[in-house]
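**Student:** Sequence and computational prediction follow.
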Amino acid sequence: MLTGAGVSAESGIPTFRDALSGWWARYRPEELATPEAFARDPDLVWRWYAERRRHAIGADPNAGHRALARLARLGPRVTLVTQNVDGLHQRAGSAAVHELHGNLTRARCSREGRVVETDRWDATTAPPCPTCGARLRPDVVWFGEPLPARALEVALEAAAACDVFLAVGTSNLVEPAASLPWIAAAAGACVGVVNLSPRGQRTGPRIHPVLGSAGTVLPALLEAAWPRT
Ligand code: NAD
């Protein structure tokens, strides 16, 4: 199972690439989500992530997040891999979430990489690490940075071994996550691609597009497979 920003859209969290509502319509990614941007203007980057963090913490998980949490409890072995950084899967009750792009509700030291507890999210400047004094940064993966090795390993292994792969609410543009559905299809899995729009989605043998919102399609899939009687 691979999720992207579309799963959180119905919680009011903008996706990156939806033209009207996406964060990228207001800011240029290369200005804010790169190590170079942080080196150039850490305070601007800190404030932008702090605003996104406030937004994520103020949002509630939606029916799509809850359906995925319920799916894992119903019995099938589910590996939940997400590109989302908002923590909503965990708040919906998903116990094991493999975060490919980190989590913007956490901060870490920009020098030593250690995750750090901080109550300084409202600071107008990126706060110092309490241990070494280097600036704190959000615990997310920026463009040009490597993904967390363990989460990527789990994702690749699950894609290659699964019977069914669901890609939900992702534009499938950001590698290496974008390759996961095709790895699964090439290994013989049945791949469902749940998205509001067919735009930009690849097709091929064993790939089954399902048009609709995550908050509608995922509960309906569960209901069809495990009707609540
Ligand atoms: P994206 O913005 O590139 O694509 C979102 C996709 O979701 C689009 O294809 C869109 O058609 C679809 N979509 C929109 N609303 C939907 C809905 N209700 N139901 C189903 N599909 C819907 O997002 P992505 O592919 O996840 O891009 C990857 C990058 O975006 C990652 O780096 C990720 O960290 C970051 N991101 C995360 C969040 C978050 O954590 N919520 C928000 C914005 C961006």
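**Tutor:** Cool, got the structure.
**Student:** residue contacts, the residue nearest to the spatial centre of the chain?
**Tutor:** In the chain, the residue lying closest to the centroid (Cα atoms, centre = their mean) is residue 84, at 1.4 Å. By Cβ atoms under 8 Å, 6 or more residues apart in numbering, residue 84 lies in contact with 3-5, 7-8, 99, 101. (Glycine included, C-beta is placed from N, CA and C.)
**Student:** how far away is it from the ligand?
**Tutor:** 3 Å (Cβ to the nearest ligand atom, to the nearest Å).
**Student:** now residue 64
**Tutor:** Remark: distance between residue 64 and the ligand (Cβ to the nearest ligand atom) = 7 Å.
**Student:** and the nearest residue to that residue once chain neighbours are set aside, how far is that from residue 55?
**Tutor:** Closest residue in space to residue 64, ignoring its immediate chain neighbours: residue 214 at 3.5 Å, by Cβ to Cβ, 6 or more residues apart in numbering. The gap separating residue 214 from residue 55 is 18 Å, by Cβ to Cβ, to the nearest Å.
**Student:** So those two - more neighbours on which side?
**Tutor:** Neighbour count, other Cβ atoms under 10 Å: between residue 214 and residue 55, residue 214 has more, with 27 against 16.
**Student:** what pLDDT does the more buried one get?
**Tutor:** We have a pLDDT of 98 for residue 214.
**Student:** Around the ligand, pick out the residues from this structure.
**Tutor:** Contacts of the chain with the ligand, taken as Cβ under 6 Å from any ligand atom, map to 4-6, 8-10, 13, 15-18, 23, 83-86, 101, 169-171, 173-174, 194-197, 213-214.
**Student:** Please flag which of these sit within strands.
**Tutor:** Of the residues of the chain next to the ligand, the ones assigned to strands by DSSP state E are 194-195.
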